[in-house]
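Peer 1: turn this into a model:
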Amino acid sequence: MPPPNIILYDVPSATPEAWAPNIWRIRFVLNYKRLPYRTVWVECNDVERTLRSVGAPPASIGRDGRPVYALPAILVPQRPSEPPIVLSTANVIVEYLEMAFPARPIFPDGSKALQMVFIHYLNDVVLKPLLAIMIPLSHMRLPEHVQAHFRGSTTSGMPGYLAPGPQRERAWLAVKEKFDFLATLLDKNNGADGDGLVAMGRELSYADFAICSVLLWIERVSPHDGWTRMRQWSNGRWIRLWDRCKDHMDVL
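Peer 2: Purely as a prediction, here's the structure:
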């Protein structure tokens with residue numbers, strides 16, 4: 001049987017444009033595996049109602065004990081007599097897609113644990129200084145009527161907008177230091193075992209899509225500041241990785 005037409009739920013900016021990095025991870029995997037899907041746009045203030053209506057599990061439990069609903073989420077149709085499979089959170093979705101549709105794997109044999117550690121490091125260390133810049137910029141690109149909801153949905157409070165000046169320059173320098181260190185780690189793949197560009201040495205994998213999702217976030221939300229800077233970092237490594245992944249950047 002052909003694979004089902006999957007629904008990917010995504011949050012638009014002021015125009016229906018894919019920008020959210022956690023959702024781009026899923027879109028990359030769907031595109032790479034050549035799975036048929038369609039995007040359903042859900043504004044931030046409508047995420048909980050929409051996900052509850054399709055039976056999606058909460059992404060987490062808040063400090064008050066209430067379920068927290070968040071994107072990404074997917075709906076995978078089953079046979080007419082069976083309910084659809086509905087999943088949320090990026091890593092859960094990706095692991096399901098790899099198990100259910102093993103062709104064109106994103107976790108080469110024996111690499112899942114190491115890639116998940118890599119993703120954890122990327123989220124908790126490399127991206128930490130980037131959030132102070134990108135979260136306020138992302139908020140500004142949302143439709144006006146959902147901006148208040150976005151502010152309330154950030155678990156640690158939304159940082160203030162960094163205007164051009166010394167403070168923003170220091171923030172970007174901190175980001176550059178993290179990405180430069182990441183580049184030195186990936187460079188260890190240079191030589192007989194790989195080309196030094198992608199995390200697994202030669203073939204694209206989930207780790208590369210996680211990085212490129214962040215590159216897309218910066219390019220979409222901060223094209224004239226952040227992306228202009230980042231294209232020059234690490235001897236152009238990040239634009240080369242972008243080019244390696246661009247065949248999988250379709251939005252269906």
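
Peer 1: doesn't residue 207 make contact with residue 189?
Peer 2: No - proximity of residue 189 to residue 207 does not meet the contact threshold set by CB atoms under 8 Å, at 11.2 Å. The C-beta positions use only the backbone N, C-alpha and C, and glycine is treated the same way.

Peer 1: so what sits against both of these two?
Peer 2: 198-200 (CB atoms under 8 Å, 6 or more residues apart in numbering).

Peer 1: where neighbours are concerned, which of those has the most?
Peer 2: residue 199 (25 neighbours; other CB atoms under 10 Å).

Peer 1: excluding residues flanking it in the chain, which one is nearest that one?
Peer 2: Of all residues beyond its chain neighbours, the one nearest residue 199 is residue 207 (3.7 Å), with distances taken as CB to CB, 6 or more residues apart in numbering.

Peer 1: what average pLDDT does the top helix by length along the chain get?
Peer 2: Of all the segments of type helix in the chain, defined by DSSP state H, the longest one is helix 166-186. Here helix 166-186 scores 93 as its mean pLDDT.

Peer 1: which parts of that helix are buried?
Peer 2: Under the neighbour-count criterion of 16 or more other CB atoms under 10 Å, helix 166-186 has 171-172, 175-176, 178-179, 182-183, 186 buried.

Peer 1: next one: that helix to chain centre, how far?
Peer 2: Between the mean C-alpha location of helix 166-186 and the chain-wide mean there is a distance of 19 Å, by CA atoms, centre = their mean, to the nearest Å.

Peer 1: what's in contact with that helix?
Peer 2: Residues outside helix 166-186 that contact it (CB under 8 Å, 6+ apart) are 122, 125-130, 132-133, 162, 196-199, 211, 226, 229-230, 233-234, 237-238.
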